[in-house]
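**Student:** sequence isn't available, so here's the structure alone:
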């Protein structure tokens, strides 16, 4: 893997500066966050804060900040429209209105998956992308297939439902098992289908998603490297709880930023479960995830009200300083320590392919 050279505007915080910062921030605090953990938590947020506060003014559209998608050079909105929740809206026409309003207001990153709501999420998004909206969107969807046959069939079905001839970013969904990386990269595995689809122009960029364990993400990256492949993007939970428990932020995020792989943050509110902890507001949750070196933070919007909440957070976001980050982490530390508000890590509640292993092929 080669380092990312597109981050030249990021301010660099050397080890002595980080150490001094920790010494200033940590005395008199007893919130279960030790000095080394604090350095890991703040390094990424300082990186993005330095970038956004630097000489180069961020790109915006209708007040929505845009960031570069890793080494691809693509510009995407800092918040993305999650596909799963769109079909939880009972009225299909309202789902279409949410998607089009989001695009009109400046959101261009659209998330989806072959298995979301039995395909209804992709069907509704496909209808919304008619009448010129497809050209305004950066469209991402995911496949579950671990075999070449299953992955190819799911991709073709997604293209049909989404009414498009190309997917801007195709991702392997729910990489949550230790066996997933080897299956995907095996002879006759899903990566063969995706590679062929990319050569055929059906797919532009390739990534993977998962929410279970940083170890599995790291294995997927290592397996790809072993096969001479580098992902364009990786999606994972990044939120105020993850920072404390089995953390993707601490363990995977630095690897992605070092190698120029786009960071897609998801579950900023843990599908609203984090909000039940009463330790952070929806806007604070979105701010925290946007403050990390994420290209985009994907959030579910099943109503116009929730969409407007996301738009407001994106437009009002200002890089958080180290004191603000430390205060929010201190407030959430106790609730986060056992993973009770990150059920996607600690249970099978969010594992669609666990309940439907046939999707894997």
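**Tutor:** Everything's here; your move. These numbers were taken from a predicted model, which means no experiment stands behind them.
**Student:** so residue 192 touches residue 148, yeah?
**Tutor:** Yes. Using C-beta atoms under 8 Å, residue 192 is in contact with residue 148, at 4.4 Å. (C-beta placed from N, C-alpha, C; glycine too.)
**Student:** for these two, indicate the residue with more neighbours.
**Tutor:** residue 148 (21 against 18; other C-beta atoms under 10 Å).
**Student:** tell me the contacts of that one?
**Tutor:** By C-beta atoms under 8 Å, 6 or more residues apart in numbering, the contact set of residue 148 is 188-190, 192-193.
**Student:** give me that answer again for 10 Å
**Tutor:** Listed by C-beta atoms under 10 Å, 6 or more residues apart in numbering, the contact partners of residue 148 are 184, 186-196, 361.
**Student:** what touches both of residue 192 and residue 148?
**Tutor:** Common neighbours of residue 192 and residue 148 (criterion: C-beta under 10 Å, 6+ apart): 184, 186.
**Student:** for stretch 280-299, how far is the first residue from the last?
**Tutor:** With C-alpha to C-alpha, to the nearest Å as the measure, stretch 280-299 spans 16 Å from end to end.
**Student:** same deal with stretch 172-181?
**Tutor:** 10 Å.
**Student:** just the buried residues of the contacts of residue 148.
**Tutor:** 184, 186, 189-194, 361 (16 or more other C-beta atoms under 10 Å).
**Student:** how about the strands of the stretch 251-361 of the chain, start to end?
**Tutor:** Remark: strands assigned in the stretch 251-361 of the chain by DSSP state E, counting those that start in this stretch are 262-266, 296-300.
**Student:** please produce a markdown table containing those strands, extended by distance to residue 166, mean neighbour count and mean pLDDT.
**Tutor:** Converted to a markdown table, the strands of the stretch 251-361 of the chain look like this (distance: least, C-beta to C-beta, whole Å; neighbours: other C-beta atoms under 10 Å; pLDDT from 0 to 100):
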| stretch | distance to residue 166 | mean neighbour count | mean pLDDT |
| --- | --- | --- | --- |
| strand 262-266 | 18 | 27 | 98 |
| strand 296-300 | 19 | 27 | 97 |
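**Student:** can you say which of the ones you listed is nearest to residue 332?
**Tutor:** Smallest distance to residue 332 across the strands of the stretch 251-361 of the chain (C-beta to C-beta): 16.0 Å, for strand 262-266.
**Student:** next, the angle from that closest one to strand 296-300.
**Tutor:** 20 degrees (axes from the mean of the first three to the mean of the last three C-alpha atoms, to 10 degrees).
**Student:** adjacent strands (with direction) for strand 262-266?
**Tutor:** strand 233-237 (parallel), strand 296-300 (parallel) (DSSP bridges).
**Student:** ok so, going back, residue 337 is nearest to which of the strands of the stretch 251-361 of the chain?
**Tutor:** Proximity to residue 337 (C-beta to C-beta) singles out strand 262-266 among those, at 21.4 Å.
**Student:** quick one: that closest one to chain centroid distance?
**Tutor:** Distance of strand 262-266 from its chain centroid, counting by C-alpha atoms, centre = their mean, to the nearest Å, is 3 Å.
**Student:** what of stretch 78-87?
**Tutor:** Relative to its chain's centre, stretch 78-87 lies at 11 Å (C-alpha atoms, centre = their mean).
**Student:** same question for that stretch, mean pLDDT?
**Tutor:** For stretch 78-87, mean pLDDT is 95.
**Student:** pLDDT weak spots in this structure?
**Tutor:** By pLDDT under 70, the low-scoring segments of the chain are 1-58.
**Student:** how about the strands of the stretch 101-250 of the chain, start to end?
**Tutor:** For the stretch 101-250 of the chain, the strands defined by DSSP E, counting those that start in this stretch occupy 109-110, 138-143, 167-172, 203-209, 233-237.
**Student:** so who does residue 248 touch?
**Tutor:** Neighbouring residues of residue 248 by C-beta under 10 Å, 6+ apart: 210-214, 217-218, 234-239, 242, 256, 263, 265-267, 345.
**Student:** how does it look with 6 Å?
**Tutor:** Residue 248 makes contacts with 214, 236-237, 242, as judged by C-beta atoms under 6 Å, 6 or more residues apart in numbering.
**Student:** dump those to TSV, plus neighbour count and distance to residue 73.
**Tutor:** Below are those laid out as TSV (neighbours: other C-beta atoms under 10 Å; distance: C-beta to C-beta, whole Å):
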residue	neighbour count	distance to residue 73
214	21	27
236	24	22
237	26	26
242	30	28
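**Student:** residue 87: which of these is nearest?
**Tutor:** Checking those against residue 87 by C-beta to C-beta gives residue 237 as the nearest, at 21.2 Å.
**Student:** what is that closest one paired to in the beta sheet?
**Tutor:** On DSSP bridges, the residues paired with residue 237 through beta bridges are residue 266.
**Student:** return the distance of it relative to residue 89.
**Tutor:** Residue 237 sits 23 Å away from residue 89, going by C-beta to C-beta, to the nearest Å.
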